[in-house]
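>>> From the sequence below, what's the structure:
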Amino acid sequence: MLMNTSSDFLVPSIDEKLCAYQKNRISQMIRDYLEINQQMDHFHFEYCPKCGQHHPVLVKAGKTKAGKQMLKCNSCKKRFVCDHGQLTYYSHQPQSKWNDLIIETQNGNSLLHTAAKIDVHESTAFRMRHKYLHFIEDMECLICTTS
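As a prediction, this is how the structure comes out:
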């Protein structure tokens, strides 16, 4: 597991405005997202995302152009990507670019700098950042409703 402090992820001007609890919570969420990205090859599905069968029998079914593992459910015969329902779902970018984008976003770097660093077009970096921030917001709402 990554052992980073909140100052590794936050811009100094934002870091000084947050309390310790908020800094720790943000850092923990970022570490969790990065860990999820690293564990995608070993992801276990409780239910098939296509047909909903409990404990589906899944077999490997090739890889996408971005290098993501495709799986096929033996009951419905439909294929899907192993990151179904995750931040990187429906993305043509590899997980390493998502990891870099998360770190660049939390460091407060501009879209132009982020796009150059992860080697994508500025509009792609914008959409990736927008999806990441929306994903964080959804996770916050989910956590608040379950608490």
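>>> so what's residue 85 up against?
Listed by Cβ atoms under 8 Å, 6 or more residues apart in numbering, the contact partners of residue 85 are residue 49. All C-beta spots, glycine's among them, are computed from the backbone N, C-alpha and C.
>>> Over to it. Which of the three states is it?
coil (DSSP: H, G, I helix; E, B strand; the rest coil).
>>> before we move on, what about residue 70?
Per three-state DSSP, residue 70 ends up strand.
>>> Just the local confidence number for residue 141, please.
pLDDT, residue 141: 80.
>>> Likewise for residue 60?
84.
>>> Buried residues, the helix or strand harbouring it. List them.
Residue 60 is part of strand 58-63, with elements assigned from DSSP states H and E. Under the neighbour-count criterion of 16 or more other Cβ atoms under 10 Å, strand 58-63 has residue 58 buried.
>>> now swap in stretch 72-80 and tell me
Applying 16+ other Cβ under 10 Å to stretch 72-80 flags 72-73, 80 as buried.
>>> re earlier: the strand holding residue 60 pairs with which strands, and in what direction?
Strands adjacent to strand 58-63 in the sheet, as given by DSSP bridges, are strand 69-73 (antiparallel).
>>> With only the CA atoms kept, save the partner strand in CSV.
Extracted C-alpha coordinates of strand 69-73, given in CSV (Å, rounded to 0.1, in the frame of the first residue of the first chain):
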residue,chain,number,x,y,z
GLN,A,69,-8.7,-7.8,-19.6
MET,A,70,-12.0,-8.8,-21.2
LEU,A,71,-14.1,-11.5,-19.4
LYS,A,72,-17.0,-13.6,-20.7
CYS,A,73,-19.9,-14.9,-18.6
